[in-house]
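# I'll drop the sequence and a predicted model, then ask my questions.
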Amino acid sequence: MPPETKFDVALNCPVPIATRDSILLGHGSGGRMSGDLLRNILLPALHNPVLDRLDDQAIVDVGGSRIAFTTDSFVVKPLFFPGGDIGTLAVNGTVNDLAMGGAEPLFLSLALILEEGLPLDSLRRVMESIRVAAALASVAVVTGDTKVVEKGSGDGLFVNTSGIGLVPSGVRFSADQARPGDRVLLSGTVGDHGITILSQREGLEFESAVASDTAALHTLVADMLRSSSGIRCLRDPTRGGLSSSLNEIAARSGVGIELEENAIPIREEVQGACEMLGLDPLYVANEGKLVAIVERTEADRILEAMQQHPLGRNARMIGTVTQSHAGMVTLRTRLGTSRIVDLLAGDQLPRIC
Amino acid sequence: MKYLDEYRDERIARGIVAELGRRTTRPWVLMEICGGQTHTLMRYGIDEMLPAGIELVHGPGCPVCVTSLETIDKAISIASRPDVTLISYGDMLRVPGSHTDLFHVKAQGGDVRVVYSPTEALKFARSNPSRKVVFFAVGFETTAPANAMAVWQAKREGLRNFSMLASHVLVPPAIRALMSSPRNRVQGFIGPGHVCTIMGYREYEDLIREFHVPIVVGGFEPLDLLEAILMLVTQLEEGRAVVENQYVRSVTYEGNLLAQKVLGEVFEVCDRKWRGIGGIPESGLSLREEYAEFDANRIFGTEGVTADEPAECISAEVLQGLKKPTDCSAFGTRCTPENPLGAPMVSSEGACAAYYLYRRHAIAASGNH
């Protein structure tokens, strides 16, 4: 028994809420809950060697060609935001998933789930964005589908795109390829997209000059590939941010990753918004950035190629792959101390004060 | 970034740490009051930098962590009603109540929304007159004035569909409770910078007269905290105990008088149950009788809701600084941010979550866990 105190101390703690018998928003965050859902419910039903690699795209042999194949659904509120809209995201997101496998993107499918009541003008604007984004990415939308759901059963517009691309021979990127000594390259500032969306959201509106970074990254990847064969793995850090992508690589490759806080480029507007809202930019979504794990000796050459591409002008070397603390990402803070950059359970939540 | 980088400068930080090393002649146990301060300490690894012998224990100043189980249960009960929109600060949604949390209520169809400011809740109430809009008002003296303002404004406008589930807590009574405990180890406090921005630090002088314990009101950036620690250690080494203000760019002696006025107009001091600590007399704020029509507890009949908190985790000791999160056998195994056993694991300001998020590797390396 603890000694008596003047106020009634109770060793109290709530019972855990272990039963997760329904989907929560956190299951879609790209964090630990998303991973659990994948491992516990989705993969057991579908196991096969291609799927089990869990890269952003499947790469399959068809008649002697290596085909990259991927799909992605887009649900974003608001539909239109500074820097783009759901249409641009739907094209660039799928193009980027192909590009992260080193593929040249060729064809897309487009499926629209329309909610009753969606203004036709909104749909026209989205379709125009899709047209422009596909033209910029040199991909053709070659098949599609449209469904309409009752008012209240959707959120205006959901978009799914699938994509097919060709992987050049000799290119084999995968999240299990990182090796101690490798370097971590980042193509530009982090957090732009997520903070842009947050700044537009109902109840949270704040003025911000930041715009979504949505962009198709395949030409940047092509330039990187031309510069060197030392690329081990590419990821576009979308939902869950840079942290989630790097944690995934560290876990899949069985290595540690050490980042330099000072080296990670963050726009002032994004940093300011994150400070104000109590968010960590390393967990905020990007839609036009890539992170590359590359061989140490090739890092400078690849970085230079990135910096010469318009989408890689702010590219930096941000860290190193280590043998120590396997499966974990750490960060050398600007005070010279070290901390973990963990996978979050669910979405980052704004803090109270 | 201007006004931030200056407070995160490695060279200056090393300088303060070196000076701290010169001034420290024996061990001292210090407590930072605020969860925000705990968060910075862990995030920047400041505990790693300190001279051996300076021990930081983490105080009860995480509003999410100390909000009582029954208050969470009340919020859950209210949010489950089909006619209610419950509006809350984000990190309250994951706090487990007796049986469920607000995220699950939302998943089951409850209308639960997140805002940064209570005025957003007012705005929502105005434009959705058919919804009963309840703002879940938790936090210390820092958030209380804005919440008071929302109720004041609602009364002035005659807004009939807005109410508040208010469960504010106050810092000085918590310090008094900690210092009164025979198990207390704390020899100096880093005072709550944001709370004192509102309240000033007059009240803390009474605590010093009572307990002869130095208090340095501190900010939230790494250099703020290091400087506050240096000021505390200097006082302790010299045998002094006064209130000093490190956070001069935000805190004045009197505080924000306008904020205090609206706070006093709408709220009154009440006894309050703290999660993990228990009942502390005169440690909370509740709505005054004149504002009873905005009291969600009265409107929805949840006044009588009580909850017994089962003895499971050591959050009581953690929140009083008697134990470190890593002293808990469930830390990082049965208790994680995904499945928190206790509130300090829920919020990023909670001591357990801060340790889990930022310090696990150091703990693993030192072989403690």
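Received it, and whenever you're ready, just let me know what you need. Numbers count the residues shown, from 1 in each chain, chains lettered A, B, ... in the order given.

# drop to CA atoms for contacts and neighbour counts, all remaining ones
OK.

# list the contacts for residue 79?
Assuming you mean chain A. If you count contacts by C-alpha atoms under 8 Å, 6 or more residues apart in numbering or on different chains, residue A:79 has them with A:85, A:86, A:157.

# let's do chain B instead
Going by C-alpha under 8 Å, 6+ apart, the list of residues near residue B:79 reads B:85, B:86, B:102, B:105, B:110, B:111, B:112.

# tabulate the residues you listed (a markdown table), appending secondary structure, distance to chain A and neighbour count.
Putting the contacts of residue B:79 into a markdown table (DSSP: H, G, I helix; E, B strand; the rest coil; distance: C-alpha to the nearest C-alpha, whole Å; neighbours: other C-alpha atoms under 10 Å in any protein chain shown) gives the following:
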| residue | secondary structure | distance to chain A | neighbour count |
| --- | --- | --- | --- |
| B:85 | strand | 13 | 24 |
| B:86 | strand | 13 | 28 |
| B:102 | helix | 11 | 27 |
| B:105 | helix | 10 | 19 |
| B:110 | coil | 12 | 21 |
| B:111 | strand | 14 | 20 |
| B:112 | strand | 12 | 22 |
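
# ok, so of the contacts of residue A:79, who is nearest chain B?
Nearest to chain B out of these is residue A:157 (C-alpha to the nearest C-alpha; 20.6 Å).

# who's that closest one bridged to?
Judged by DSSP bridges, the bridge partners of residue A:157 are residue A:114.

# and the contacts of residue B:79 as CSV, adding pLDDT?
Shown next, in CSV, are the contacts of residue B:79 (pLDDT from 0 to 100):
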residue, pLDDT
B:85, 97
B:86, 97
B:102, 92
B:105, 93
B:110, 95
B:111, 96
B:112, 95
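
# residue ranges of the helices in chain A, please?
Assigned by DSSP state H, the helices in chain A fall at A:32-37, A:43-46, A:86-99, A:120-136, A:192-200, A:218-227, A:241-253, A:268-277, A:299-308.

# contacts for the third one next, please.
This means helix A:86-99. A:56-57, A:68-76, A:79-80, A:104-105, A:108, A:126-127, A:129-130, A:133-134, A:137, A:159-165, A:214-218, A:221, A:236, A:287-288.

# separate out the buried members of the residues you listed.
A:56-57, A:68-76, A:79-80, A:104-105, A:108, A:126, A:129-130, A:133-134, A:137, A:159-165, A:214-218, A:221, A:236, A:287-288 (16 or more other C-alpha atoms under 10 Å in any protein chain shown).

# so who does the residue nearest to residue B:336 when sequence neighbours are not counted touch?
Nearest residue to residue B:336 in three dimensions, chain neighbours excluded: residue B:345, at 6.5 Å (C-alpha to C-alpha, 6 or more residues apart in numbering or on different chains). Residue B:345 makes contact with B:335, B:336, B:337, B:351, B:352, B:353, B:354, according to C-alpha under 8 Å, 6+ apart.

# 6 Å instead?
B:337, B:352, B:353 (C-alpha atoms under 6 Å, 6 or more residues apart in numbering or on different chains).

# turn the residues you listed into a markdown table, including neighbour count and distance to residue A:33.
Listed next are those as a markdown table, based on neighbours: other C-alpha atoms under 10 Å in any protein chain shown; distance: C-alpha to C-alpha, whole Å:
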| residue | neighbour count | distance to residue A:33 |
| --- | --- | --- |
| B:337 | 24 | 11 |
| B:352 | 30 | 19 |
| B:353 | 26 | 16 |
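
# which single one of those residues is nearest to chain A?
residue B:337 (6.3 Å).

# which strand or helix spans that closest one?
For residue B:337, there is no host helix or strand (DSSP states H and E).

# I'd like the distance between it and residue A:26.
From residue B:337 across to residue A:26, the span is 12 Å (C-alpha to C-alpha, to the nearest Å).

# again, but for residue A:258
Taking C-alpha to C-alpha, one finds residue A:258 at 27 Å from residue A:26.

# do residue A:213 as well
Residue A:213 is 24 Å from residue A:26, by C-alpha to C-alpha.
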